[in-house]
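In: have a look at this prediction, sequence included:
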Amino acid sequence: MFGHWLALYTFAQFRTRADDPSNDAFFANEPAVWAAMERAEGFIARSGYEDEPGTQSWGEQVFPKYWVDNGDGWAPSTISLWQDLESALAAVYRGPHAEILRLGHLFVKDAEDYPAYALWWVPENHQPDWTEAVEHHELLGDNGPCPAAFTFKVAFDPRGHELIVDGTRSKEIAERNRLRADLPKAVQ
C-alpha cells in the first residue's frame, strides 16, 4: 500500500548451541536464502547483524522475552521490509526460505510458547530497529493478532482493518521470483 511498508520480524531458537554441527545445514543455506529474499519481488530492505560484515544492523540486536540463551548468546532472528503482504508471503513460504523451514527439527517448537514471526505496518522510509521489532513480536505473543502486530492468517491493512491475504497473487509472485532466480545473474 502506498505510504506504508510491511515490517516482518522472525524469531526462532536452536535446540542446541548455534555452533553445534547439527545446525550446519541452516548456516550452509543461509547465504543463498538471503540472496533470494533480496531479489524477491516486493523486497525493500533488511537488517544485518552487528558482528557480521555486509548489510548494516538496524541498531543493537535484542531478543524477545521468550528467548532462552543456550550458552551462545544468539538466536536466529531477522527484520525485513516489504511492499505488501503477498510479496512477503511469497518469499517466506514459497521460495528458498521454505527450504529452511523444512529444517524445523533444528528449532525449539514455537506454536504454543511464542509466535515464529510478527508483521506490522510502518510509514514508508521508516526503518524499525531490533527493539521495535521485539516489541511487536511480544505484543503478538501476549495478545494475539491486532493491527499493531499480526500474522498472515489474521492480517490488517495500514488503517487497522482486517483483511485476507491474496493467496493467488502470492503464488503468482512466487512463480515470478522462481523464474527470476533461474535467470543468469547478468540478465537479472
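Out: Great, that's in hand.
In: where along the protein do the helices fall?
Out: 24-39, 85-93, 96-101, 130-143, 167-182 (DSSP state H).
In: worst mean pLDDT among these?
Out: Ranked by mean pLDDT, the helices of the chain bottom out at helix 96-101, which scores a mean of 69.
In: how about the residue nearest to residue 173 when sequence neighbours are not counted, what does it touch?
Out: If the residues on either side of it in the chain are set aside, residue 173 comes closest to residue 90, at 4.0 Å by CB to CB, 6 or more residues apart in numbering. No exception for glycine: its C-beta is placed from N, CA and C like everyone else's. Contact partners of residue 90, counting by CB atoms under 8 Å, 6 or more residues apart in numbering, are 40-42, 170-171, 173-174, 177.
In: can you say which of the residues you listed are buried?
Out: Among these, the ones that count as buried by 16 or more other CB atoms under 10 Å are 40-42, 170, 173-174, 177.
In: and residue 164, how many neighbours does it have?
Out: Neighbouring residues of residue 164 were enumerated by other CB atoms under 10 Å; the total is 10.
In: list the beta-bridge partners for the nearest residue to it once chain neighbours are set aside.
Out: Nearest non-adjacent residue to residue 164, counting by CB to CB, 6+ apart: residue 155, 7.2 Å away. Beta-bridge pairing of residue 155, defined through DSSP bridges, involves residue 163.
In: surely residue 155 meets residue 161?
Out: No - applying CB atoms under 8 Å as the test, residue 155 and residue 161 come out as separate, 9.9 Å apart.
In: tell me how far the residue nearest to residue 164 lies from residue 27.
Out: Residue 155 is 31 Å from residue 27, where distance means CB to CB, to the nearest Å.
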